[in-house]
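> Take this sequence and fold it.
(chains A and B)
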There are 2 protein chains.
Amino acid sequence: MSVKAREVRLKSRPIGLPAPENFEVVEVSLADLGQGEVRVRNLWMSVDPYMRGRMYDRPSYVPPFQLGEALQGGAVGQVEASNNPDFKPGDLVESMMGWRDGFVALGGALQKLPAENVPSQAYLGVLGMPGLTAYSGLARIGEPKPGDTVFVSGAAGAVGSIVCQIAKLRGCTVIASAGSDAKLAWLKSVGVDAGVNYKTCGNLLDAVRAVAPKGIDIYFDNVGGEHLEVALEMARPHARFIECGMISAYNDTAPSPGPSNIMYVVGKSIKMQGFIVMNYWDMRDQFRTEMTQWIKDGKIKWEETIEAGIENSPKAFLGLFTGANSGKMLVKLA
Amino acid sequence: MSVKAREVRLKSRPIGLPAPENFEVVEVSLADLGQGEVRVRNLWMSVDPYMRGRMYDRPSYVPPFQLGEALQGGAVGQVEASNNPDFKPGDLVESMMGWRDGFVALGGALQKLPAENVPSQAYLGVLGMPGLTAYSGLARIGEPKPGDTVFVSGAAGAVGSIVCQIAKLRGCTVIASAGSDAKLAWLKSVGVDAGVNYKTCGNLLDAVRAVAPKGIDIYFDNVGGEHLEVALEMARPHARFIECGMISAYNDTAPSPGPSNIMYVVGKSIKMQGFIVMNYWDMRDQFRTEMTQWIKDGKIKWEETIEAGIENSPKAFLGLFTGANSGKMLVKLA
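Alright, predicted model coming up:
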């Protein structure tokens, strides 16, 4: 009796903003367990802005998704059957086997979740890749010092919302940009000093200047575009720009002009550094230890936006580009 | 009997490309020597692209030049008279009292030149601020490793020509961009691996790709604009961009679009860092020791382009923006 699972495949490459028809959900039969293999039922999967890049057919730091094949991404699941001594049914595991509700893989593709008293989906967010992205990028590139002013774009997202709170724990003043007053209210409830609603503020530069009149020392960029230009304008000498993402441009069908004030990089001795989380994988243990403690102490909070069912995973993904999520966007699979 | 000197004053703020009428040469009487003061006759003065920035009336890392006042810049001179026990007539000194052929200053504004067997004007170039800029920027931001491919724009200038040679000494492959075949021929004569004449090459990206098909690890930017965009395109993962200058934009009267491919900073984990030489002043002794040895060993060579007479200093300065100089642009004052 074969076991079934459903997976989401890339049906066509999106041009501009992705649409539901770029995806298809397909039922597949899972293979019988070979030596060392484990069958997992996914409970949660992650959708993340960086996945948009993998939908282009171009060389990048990760290979492009292939047409007609299942997408990939972070997932948390539960072992259903195991032919591997390291895993037993009921174990909670994380993997990069998202975009499907069940799968068979060698044990090496799985990591058991630590036995901490946190919801398992936190390992896709605050304790997972977005959390490590926030933690490592801020530490390694931002080098925050008490008293620094930190400007965060996409501040209500999975990464940005953690950046804001870590920066507060490091003694910084935090200015957040987000796309709704509700998001900004939540950010203020976790300690952010000032917020800018970039959709309603009018002139973004004026709005940021009003709340950070002395300028910014650190810019954590999730957005690019106008936010980056404003950050260059507001940067103080020796500012550090943590270039984590530029979601405003991910769906561009033609190149947009870059920041017209890029020359400030020279005159203000700005460090603008891009990164991907794999660069700082060496910080993972330290991150999990410190973040777990912060969570236990109530010092880091998070929000989740949840879509239910594998068939709604494209919708969840598309929502990232319209700001549908507060905090981590997740798909609940079981 | 008062001693006369001539100085160059900023008569009006340039709009766009500076012109001779923005400057005026004025004869002044030097004051008698007070306690601790020294009278110096300048032999050489430096003109540098960064001075253009000081002609705008705006906040920056150095205050703007003031209308009706003498400009400032690096100079090498000889002590004529001294009321300071640390200096005696005949001593060679460097100062920031350029743009004049003589002056009176406290001894603290002067530094005696080391007694090395190099021409005194080298302390305005290869052994001076441009040399330290090349040396420190390449070391601190570029972190060159043997085998790295280094792309240098403005490669025939005072800074670029030294960057090229230091990068060769560090075991790198060096690709140079300059604006004439004669400049490129000289660069190749000192070891540069390949050159691109950006004025005649047609498509700059294609031309750079042809000589650096595997991409670049380090970009030393003196130019900005299209060169920066090409460097982003050609950058390999973890490339370091040393943002020393963007001369292509110094005379812009309106903001130009920035690089349309700035998003590569994220995807390729590029570090783009601006600096001014004062940031790395701590390297000055190490720089002078190592550079002096390289010069003695014939490992570093340099070119000079010389205008004679204080009245020709504006012409020398303007020539920086039309590529009139090969190597260091100097004004010989005596």
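> Partner strands of the helix or strand hosting residue A:25 and their direction?
Using DSSP states H and E, residue A:25 sits in strand A:23-30. Applying DSSP bridges, strand A:23-30 is found paired with strand A:3-10 (antiparallel).
> Dump the strand it pairs with to PDB, keeping only the CA atoms.
Provided in PDB are the C-alpha atoms of strand A:3-10 (Å, rounded to 0.1, in the frame of the first residue of the first chain):
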ATOM      1  CA  VAL A   3       1.700   6.200   1.000                       C
ATOM      2  CA  LYS A   4       0.600   9.400  -0.700                       C
ATOM      3  CA  ALA A   5       1.900  13.000  -0.300                       C
ATOM      4  CA  ARG A   6       1.200  16.200  -2.100                       C
ATOM      5  CA  GLU A   7       3.900  18.600  -3.300                       C
ATOM      6  CA  VAL A   8       4.000  22.000  -4.900                       C
ATOM      7  CA  ARG A   9       5.800  22.300  -8.200                       C
ATOM      8  CA  LEU A  10       6.900  25.200 -10.200                       C
END
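> give me the low-pLDDT residue ranges for chain A?
A:1 (pLDDT under 70).
> mind listing what residue A:20 touches?
The contact partners of residue A:20, taken as C-beta atoms under 8 Å, 6 or more residues apart in numbering or on different chains, are A:314-315, A:318. All C-beta spots, glycine's among them, are computed from the backbone N, C-alpha and C.
> Flag every residue of chain A that's near chain B.
A:53, A:60-61, A:224, A:228-229, A:237-238, A:243-246, A:249, A:255-276, A:279 (C-beta under 8 Å from any C-beta of the partner chain).
> Show me which of those are buried.
Using 16 or more other C-beta atoms under 10 Å in any protein chain shown as the burial test, the residues of chain A next to chain B include A:53, A:224, A:228-229, A:237, A:243-246, A:249, A:256, A:258-276, A:279 as buried.
> now the helices for the stretch 151-300 of chain A?
Secondary structure of the stretch 151-300 of chain A, counting by DSSP state H, counting those that start in this stretch: helices at A:160-169, A:181-189, A:204-211, A:225-234, A:264-267, A:284-296.
> For the shortest one, give me every contacting residue.
Going back to what we said before, that points to helix A:264-267. A:232-233, A:235, A:270, A:272, B:53, B:60-61, B:224, B:243-246, B:272-276.
> again with the first one
Applying C-beta under 8 Å, 6+ apart, the contact partners of helix A:160-169 are A:126, A:130-131, A:134-135, A:137-138, A:142, A:144, A:148, A:150, A:152-155, A:174, A:176, A:178, A:186-187, A:190-192, A:218, A:220, A:222, A:294, A:299-303, A:327.
> switch to 6 Å and redo it
A:126, A:131, A:134, A:138, A:144, A:150, A:152, A:154-155, A:174, A:176, A:187, A:190-192, A:220, A:222, A:300, A:327 (C-beta atoms under 6 Å, 6 or more residues apart in numbering or on different chains).
> Of these, keep whichever come out buried.
Buried, going by 16+ other C-beta under 10 Å: A:126, A:131, A:134, A:138, A:144, A:150, A:152, A:154-155, A:174, A:176, A:187, A:190, A:192, A:220, A:222, A:300, A:327, out of these.
> Could you list the buried residues of stretch A:280-289?
A:280, A:283, A:287-288.
> And for stretch A:294-302?
A:294-295, A:300-302.
> which stretch among the helices of the stretch 151-300 of chain A comes nearest residue B:307?
Closest approach to residue B:307 among those is made by helix A:264-267 (26.2 Å; C-beta to C-beta).
> Out of the buried residues of stretch A:294-302, flag the one nearest to chain B.
residue A:302 (23.3 Å; C-beta to the nearest C-beta).
> Confirm the closest one sits in a helix?
No - Residue A:302: not assigned to a helix; according to DSSP: H, G, I helix; E, B strand; the rest coil it is coil.
> who are the neighbours in contact with it?
Here residue A:302 is in contact with A:126, A:327 (C-beta under 6 Å, 6+ apart).
> Phi, psi for it please.
phi -150, psi 160 (degrees, to the nearest 10).
> and what of residue A:141?
phi -100, psi -40.
> who are the neighbours in contact with it?
A:240, A:242, A:273.
> ok, so what distance separates it from residue A:220?
The spacing between residue A:141 and residue A:220, counted by C-beta to C-beta, to the nearest Å, is 9 Å.
> Excluding chain neighbours, give the residue nearest to residue A:73 in space.
Leaving aside its chain neighbours, residue A:73 sits nearest to residue A:98 (3.6 Å; criterion: C-beta to C-beta, 6 or more residues apart in numbering or on different chains).
> My guess is the one you found contacts residue A:47. True?
No - using C-beta atoms under 6 Å, residue A:98 is not in contact with residue A:47, being 8.1 Å away.
> Tell me how chain A divides into domains.
What automatic domain parsing lists as the domains of chain A is A:3-125+A:302-332, A:129-278.
> Could you single out the most deeply buried of those?
Per residue and on average, the most neighbours among those fall to domain A:129-278, with a mean of 22 (mean count of other C-beta atoms under 10 Å in any protein chain shown).
> need the contact list for residue A:305.
A:325-326, A:329.
> Provide a complete list of residue ranges assigned to strands in the stretch 101-250 of chain A.
Taking DSSP state E, counting those that start in this stretch to define them, one finds strands in the stretch 101-250 of chain A at A:102-106, A:111-112, A:149-152, A:173-178, A:194-197, A:216-221, A:235-243.
> Apart from its neighbours in sequence, what residue is nearest residue A:300?
Nearest non-adjacent residue to residue A:300 (C-beta to C-beta, 6+ apart): residue A:294, at 4.3 Å.
> what do you get for residue A:283?
Nearest residue to residue A:283, sequence neighbours excluded (C-beta to C-beta, 6+ apart): residue A:136, at 4.7 Å.
> Over to residue A:106?
Here the residue nearest residue A:106, using C-beta to C-beta, 6+ apart, is residue A:36, at 5.3 Å.
> Equivalent analysis for residue A:40, please.
Residue A:40 sits nearest to residue A:77 (C-beta to C-beta, 6+ apart), 4.1 Å away.
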